[in-house]
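**Student:** here is my input, please return the structure:
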Amino acid sequence: MSQGGIMKKFEVGVFYILSGVIAIYIAVEIIELIYQFGKAILTKNENSNRLLISKEQTSLVLPVFFNILIAIELIDTFNIYVKESHIKVQSILLIGLIAIGRKLLVLDIGHADGLSNIGLAAIIIALSLGYYLVKKE
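**Tutor:** The predicted structure follows:
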(Lines give C-alpha, C1' and ligand atoms only; values in the text may rest on other atoms or scores of the structure.)
Protein backbone atom coordinates (compact mmCIF):
# COMPACT_ATOMS: atom_id res chain seq x y z
CA MET A 1 0.00 0.00 0.00
CA SER A 2 1.37 3.40 -0.94
CA GLN A 3 2.00 6.15 1.56
CA GLY A 4 -0.77 8.25 -0.04
CA GLY A 5 -3.25 5.41 0.49
CA ILE A 6 -2.25 5.06 4.13
CA MET A 7 -2.65 8.81 4.69
CA LYS A 8 -6.06 8.81 3.00
CA LYS A 9 -7.23 5.95 5.26
CA PHE A 10 -5.84 7.82 8.26
CA GLU A 11 -7.74 10.99 7.23
CA VAL A 12 -10.95 9.00 6.80
CA GLY A 13 -10.45 7.41 10.22
CA VAL A 14 -9.91 10.79 11.84
CA PHE A 15 -13.00 12.08 10.01
CA TYR A 16 -15.14 9.29 11.46
CA ILE A 17 -13.80 9.89 14.97
CA LEU A 18 -14.37 13.66 14.73
CA SER A 19 -17.81 13.16 13.20
CA GLY A 20 -18.74 10.80 16.03
CA VAL A 21 -17.58 13.27 18.66
CA ILE A 22 -19.44 16.12 16.96
CA ALA A 23 -22.59 13.96 16.63
CA ILE A 24 -22.48 13.27 20.39
CA TYR A 25 -21.88 16.98 21.00
CA ILE A 26 -24.91 17.86 18.84
CA ALA A 27 -27.08 15.37 20.75
CA VAL A 28 -25.98 16.86 24.08
CA GLU A 29 -26.57 20.40 22.81
CA ILE A 30 -30.07 19.47 21.57
CA ILE A 31 -30.89 18.12 25.04
CA GLU A 32 -29.46 21.34 26.53
CA LEU A 33 -31.52 23.46 24.10
CA ILE A 34 -34.73 21.64 24.98
CA TYR A 35 -33.94 21.94 28.69
CA GLN A 36 -33.06 25.65 28.55
CA PHE A 37 -36.06 26.46 26.36
CA GLY A 38 -38.46 24.47 28.54
CA LYS A 39 -37.05 26.04 31.69
CA ALA A 40 -37.36 29.51 30.15
CA ILE A 41 -41.01 28.96 29.26
CA LEU A 42 -41.95 27.41 32.61
CA THR A 43 -40.10 29.97 34.74
CA LYS A 44 -42.00 33.18 35.18
CA ASN A 45 -39.73 36.20 35.32
CA GLU A 46 -41.56 39.02 37.11
CA ASN A 47 -38.91 41.59 36.11
CA SER A 48 -39.51 41.09 32.39
CA ASN A 49 -42.22 42.75 30.35
CA ARG A 50 -42.03 39.95 27.78
CA LEU A 51 -44.76 37.32 27.56
CA LEU A 52 -42.84 34.02 27.68
CA ILE A 53 -39.06 34.35 27.63
CA SER A 54 -37.05 37.19 29.13
CA LYS A 55 -34.01 38.70 27.43
CA GLU A 56 -31.75 36.95 29.95
CA GLN A 57 -33.36 33.58 29.22
CA THR A 58 -33.05 34.19 25.48
CA SER A 59 -29.34 34.80 25.97
CA LEU A 60 -29.10 31.28 27.42
CA VAL A 61 -31.11 29.56 24.66
CA LEU A 62 -29.80 31.17 21.46
CA PRO A 63 -26.09 30.39 21.88
CA VAL A 64 -26.93 26.70 22.23
CA PHE A 65 -28.93 26.86 19.01
CA PHE A 66 -26.01 28.47 17.17
CA ASN A 67 -23.58 25.91 18.62
CA ILE A 68 -25.70 23.20 17.00
CA LEU A 69 -25.66 25.02 13.64
CA ILE A 70 -21.88 25.42 13.78
CA ALA A 71 -21.41 21.73 14.60
CA ILE A 72 -23.65 20.68 11.70
CA GLU A 73 -21.67 22.91 9.32
CA LEU A 74 -18.44 21.34 10.60
CA ILE A 75 -19.73 17.85 9.84
CA ASP A 76 -20.73 19.00 6.36
CA THR A 77 -17.26 20.48 5.83
CA PHE A 78 -15.65 17.20 6.99
CA ASN A 79 -17.85 15.24 4.57
CA ILE A 80 -16.84 17.41 1.63
CA TYR A 81 -13.17 17.15 2.57
CA VAL A 82 -13.23 13.35 2.79
CA LYS A 83 -15.20 12.91 -0.44
CA GLU A 84 -13.49 15.57 -2.57
CA SER A 85 -10.15 16.09 -0.76
CA HIS A 86 -10.61 19.84 -0.58
CA ILE A 87 -12.22 22.28 1.79
CA LYS A 88 -14.87 24.65 0.51
CA VAL A 89 -13.90 28.17 1.50
CA GLN A 90 -17.57 29.11 1.38
CA SER A 91 -18.32 26.61 4.17
CA ILE A 92 -15.53 27.95 6.37
CA LEU A 93 -16.73 31.53 5.86
CA LEU A 94 -20.28 30.45 6.67
CA ILE A 95 -19.10 28.81 9.91
CA GLY A 96 -17.30 32.05 10.77
CA LEU A 97 -20.40 34.13 10.08
CA ILE A 98 -22.56 31.85 12.24
CA ALA A 99 -19.98 32.04 15.05
CA ILE A 100 -19.87 35.85 14.86
CA GLY A 101 -23.68 35.96 14.81
CA ARG A 102 -23.69 33.85 17.95
CA LYS A 103 -21.17 36.20 19.57
CA LEU A 104 -23.27 39.26 18.68
CA LEU A 105 -26.36 37.79 20.29
CA VAL A 106 -24.67 37.25 23.66
CA LEU A 107 -22.45 40.34 23.59
CA ASP A 108 -23.44 43.31 25.71
CA ILE A 109 -22.21 46.01 23.34
CA GLY A 110 -22.86 48.75 25.88
CA HIS A 111 -20.27 47.27 28.26
CA ALA A 112 -17.67 46.33 25.62
CA ASP A 113 -14.90 48.78 24.87
CA GLY A 114 -14.90 50.67 21.58
CA LEU A 115 -11.84 48.91 20.20
CA SER A 116 -13.48 45.50 20.67
CA ASN A 117 -16.59 46.71 18.86
CA ILE A 118 -14.48 48.03 15.97
CA GLY A 119 -12.60 44.73 15.79
CA LEU A 120 -15.85 42.78 15.76
CA ALA A 121 -17.21 45.02 13.01
CA ALA A 122 -14.04 44.48 10.96
CA ILE A 123 -14.39 40.69 11.31
CA ILE A 124 -18.02 40.85 10.21
CA ILE A 125 -17.17 43.00 7.19
CA ALA A 126 -14.24 40.76 6.21
CA LEU A 127 -16.24 37.53 6.51
CA SER A 128 -19.24 39.00 4.71
CA LEU A 129 -17.13 40.39 1.89
CA GLY A 130 -15.23 37.11 1.58
CA TYR A 131 -18.48 35.13 1.50
CA TYR A 132 -19.93 37.48 -1.12
CA LEU A 133 -16.84 37.21 -3.32
CA VAL A 134 -16.70 33.41 -3.06
CA LYS A 135 -20.44 33.06 -3.67
CA LYS A 136 -20.25 35.45 -6.64
CA GLU A 137 -17.86 33.15 -8.56
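**Student:** alpha carbons only for contacts and neighbour counts from here, please
**Tutor:** Will do.
**Student:** any buried residues in the helix ranked longest in the chain, and which?
**Tutor:** The residue-count maximum for a helix in the chain (DSSP state H) belongs to helix 3-42. Buried residues in helix 3-42, counting neighbours by 16 or more other Cα atoms under 10 Å, are found at 12, 15-16, 19, 22-23, 26, 29-30, 32-33, 36-37, 40.
**Student:** so among the residues you listed, where is pLDDT lowest?
**Tutor:** Here the lowest pLDDT out of the buried residues of helix 3-42 sits on Ala40, with 79.
**Student:** okay, that residue and Ile30: tell me how far apart.
**Tutor:** Separation of Ala40 from Ile30 (Cα to Cα, to the nearest Å): 15 Å.
**Student:** what does Ile92 give?
**Tutor:** Applying Cα to Cα, the value for Ile92 to Ile30 is 23 Å.
**Student:** for Thr43, grab phi and psi.
**Tutor:** In terms of degrees, to the nearest 10, the main-chain angles of Thr43 are phi -90, psi 120.
**Student:** so how far is Lys88 from it?
**Tutor:** Thr43 is 43 Å from Lys88, by Cα to Cα.
**Student:** quick check: which element contains the residue positioned nearest the centre of the chain?
**Tutor:** With distances taken as Cα atoms, centre = their mean, the residue of the chain nearest its centroid is Ile70 (2.6 Å). If you go by DSSP states H and E, Ile70 is part of helix 55-84.
**Student:** give me the helices and strands touching that helix, please.
**Tutor:** helix 3-42, helix 89-106 (3 or more Cα pairs under 8 Å, 6 or more residues apart in numbering; DSSP states H and E).
**Student:** name the helices or strands packed onto the longest helix of the chain?
**Tutor:** Applying 3+ Cα pairs under 8 Å, 6+ apart, we find helix 3-42 packed against helix 55-84.
**Student:** got the angle for the helix holding Ile70 vs helix 89-106?
**Tutor:** 170 degrees (axes from the mean of the first three to the mean of the last three Cα atoms, to 10 degrees).
**Student:** quick one: buried residues of helix 55-84?
**Tutor:** Residues 57, 60-68, 70-75, 77-79, 81-82 are the ones in helix 55-84 that count as buried (16+ other Cα under 10 Å).
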